[in-house]
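Provide a 3D model corresponding to the input given below.
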Amino acid sequence: MRIVSGLEVTLRLPDTAHVTNISVRSQTDQPPVSSLIQQRRLKLFGHIIARAAASEDHSRALRAPTDRLPVDWRRPRGRSRQSWLRTIDSDLKPLNLGLHSALRRASDRPSWRRIVETALRACHQMMMMTMK
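Residues are numbered from 1 along each chain as shown. Coordinates of the predicted model:
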C-alpha cells in the first residue's frame, strides 16, 4: 500500500507472489524500518539526555556511561555488551560525532533536528546504494 497525496494506493500483489522487501520499498518510496528506528533513537537521545536537567535521575543514569566508569567496574555476567549509548554512538559515527559533542549539539534543538535528518538521509542513501 502506498499513500499518494493522502490516498492509499494498493500494489495489488497476490499473497503467493515472492516479492522482496527491497522491491516493495522501492515501489512505495518508504525508507527502511531500521532507518526510522535510528531516527527515533536519536530524537529520544536529544530529548532525554541532552535537554533534561542534569539533576534528574534518568539524565544522571544515562549520562553516567559517557563519563569514565570506575576502575573496578565489570559488566555483570550474562548482560549484553551492546548498551543503548553504544548504539547511539554507532549511529553518530557516520556523522563524525561522538557522544560528548552530540550532547553539546543536542542542547540546541534546531541544530539537533538537522543532524537527525542528515542521519536519516545518509542511512536512506546507503540502503538505496545496496539495492542497486
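
mind listing what's buried in stretch 26-33?
Buried residues in stretch 26-33, defined by neighbour count with 16 or more other C-beta atoms under 10 Å: 30-32. Glycine gets a C-beta too; all of them are placed from N, C-alpha and C.

may I have that stretch as PDB, with CA atoms only?
Extracted C-alpha coordinates of stretch 26-33, given in PDB (Å, rounded to 0.1, in the frame of the first residue of the first chain):
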ATOM      1  CA  SER A  26      11.300   0.900  -4.000                       C
ATOM      2  CA  GLN A  27       7.700   0.900  -5.300                       C
ATOM      3  CA  THR A  28       6.300   2.700  -2.200                       C
ATOM      4  CA  ASP A  29       9.200   5.100  -1.600                       C
ATOM      5  CA  GLN A  30       9.300   4.100   2.000                       C
ATOM      6  CA  PRO A  31      12.600   4.200   4.000                       C
ATOM      7  CA  PRO A  32      13.800   1.100   5.700                       C
ATOM      8  CA  VAL A  33      12.400   0.400   9.200                       C
END
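
returning to that earlier point: from the buried residues of stretch 26-33, which land in strands?
Of the buried residues of stretch 26-33, none are assigned to strands by DSSP state E.

what's the closest of these to S55?
Set against S55, the nearest of the buried residues of stretch 26-33 by C-beta to C-beta is P31 (37.1 Å).

who are the packing partners of the helix or strand encompassing R41?
For R41, the element it lies in under DSSP states H and E is helix 33-44. Helix 33-44 sits against helix 84-92, helix 109-131, with contacts defined as 3 or more C-beta pairs under 8 Å, 6 or more residues apart in numbering; DSSP states H and E.

could you pull up the mean pLDDT of it?
Averaged across helix 33-44, the pLDDT comes to 87.

right, and the helix or strand after it?
helix 57-63.

which strands or helices does that next one pack on?
Using 3+ C-beta pairs under 8 Å, 6+ apart, helix 57-63 is in contact with no helix or strand.

now find how far off-centre that helix is within its chain.
Distance of helix 57-63 from the chain centroid (C-alpha atoms, centre = their mean, to the nearest Å) equals 19 Å.
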